[in-house]
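Asker: Build the 3D model from these lines:
(one chain, ligands or ions: 2)
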Amino acid sequence: MGRLDNKVAVITGAAGGMGASHAELFIEEGAKVVVADFNAEAGEEFAEQLGENAAFVKIDVSSEDDWKNLVTKTEELFGPINILVNNAGITNYESVQDIDYETYQKMMKINADSVLLGMKYVHPSMKKGDTGSIVNVSSLAGMFSLPNLAAYTSSKFAVRGLTKSAVLDFGKDNIRVNAIFPGVIRTAITEQEDTKKAIAEMVNKIPLQRIAEPKEISNLVLFFASDESSYISGAEVVIDGGLTVSYG
Ligand SMILES: NC(=O)C1=CN([C@@H]2O[C@H](COP(=O)(O)OP(=O)(O)OC[C@H]3O[C@@H](n4cnc5c(N)ncnc54)[C@H](O)[C@@H]3O)[C@@H](O)[C@H]2O)C=CC1
Ligand SMILES: CC(=O)C(C)=O
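Answerer: Ligands and ions are numbered 1, 2, ... in the order given. Predicted coordinates:
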């Protein structure tokens, strides 16, 4: 028996990075998975690799119309949604004084507004089942700021706030909402040329002395997605190899 048997899951940003790792694990555990991403080429290929229990649906997570379409398509393919992982996100390494307003707004739309839209439009579908689970992906930068991360930090603090609001608003529908706060994980985001130096400096400070692999985050997401966490809502779990001990 899988830990997600009979569950329908939507994972945003699942064409690559951590989202793809979550999708693989969810499929192994018996879920039906919608790989939701705006990278259609990678997303389609990946969903095909995952097999008949996966499908790709194109979405720009900052578009209201795309969310409506995603919910309709998911229900047509697999039925009502039980699990939503709001994972898609982008980074920007600029300071408060240097960032231009347009870039700031784009970051907020993709990283934060997307979480509001996802929860808002998936909620009616989740209510059709007995229970639901939403996992919102913040970051260490949703707990503490780091230099030159003005927009990213704002957006990830917003994810934390939106999670708290949804815990209160969705509890009566037996929908649980939790947030995770990853540290430094090996994906395209941390491999970018312009960020390598900053990332290396962070990794030096990690008590476990290494970067994390995506699968290590997927194990936590799986726990929140499954019924094993049936009485957990509003949890905020930092998963960072101990890095934030020295921030607190
Ligand atoms: N990699 C890291 O060290 C950390 C990452 N995070 C967060 O984890 C989440 C996943 O990050 P990674 O896997 O590292 O990133 P990634 O860059 O490897 O993957 C992100 C995925 O999101 C998709 N995406 C980007 N914008 C989109 C949009 N507007 N609509 C739909 N899909 C979109 C991309 O196509 C890509 O498939 C993000 O929210 C990120 O902020 C948080 C803490 C640390
Ligand atoms: C990319 C990110 O969220 C970091 C390094 O905190």
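
Asker: Tell me, how many residues neighbour Ser21?
Answerer: For Ser21, the count of nearby residues is 23 (other CB atoms under 10 Å). Placement of C-beta: from N, CA and C, glycine included.

Asker: Which residues are in contact with it?
Answerer: With contact taken as CB atoms under 8 Å, 6 or more residues apart in numbering, Ser21 is in contact with Pro214, Lys215, Ile217, Ser218.

Asker: Which residues are in contact with the residue lying closest to it once chain neighbours are set aside?
Answerer: What sits nearest to Ser21 in space, not counting adjacent residues and going by CB to CB, 6 or more residues apart in numbering, is Pro214, at 3.6 Å. With contact taken as CB under 8 Å, 6+ apart, Pro214 is in contact with Gly17, Met18, Ala20, Ser21, His22, Ile185, Arg186, Thr187.

Asker: Also Val122?
Answerer: Residues in contact with Val122 (CB under 8 Å, 6+ apart) are Val10, Trp67, Val71, Ile81, Leu84, Ile134.

Asker: if you set the cut-off to 6 Å instead, what comes out?
Answerer: When contacts are counted by CB atoms under 6 Å, 6 or more residues apart in numbering, Val122 touches Ile81, Leu84.

Asker: Repeat that for Asp66.
Answerer: Going by CB under 6 Å, 6+ apart, Asp66 touches Ile59, Asp60.

Asker: Contacts (any at all) between ligand 1 and the strand ranked longest in the chain?
Answerer: Identified as the longest strand of the chain according to DSSP state E is strand 175-182. Yes. Contact of strand 175-182 with ligand 1 (CB under 6 Å from any ligand atom) involves Pro182.

Asker: same check, this time on stretch 210-225
Answerer: No. Counting by CB under 6 Å from any ligand atom, ligand 1 has no neighbours in stretch 210-225; the shortest distance is 6.7 Å.
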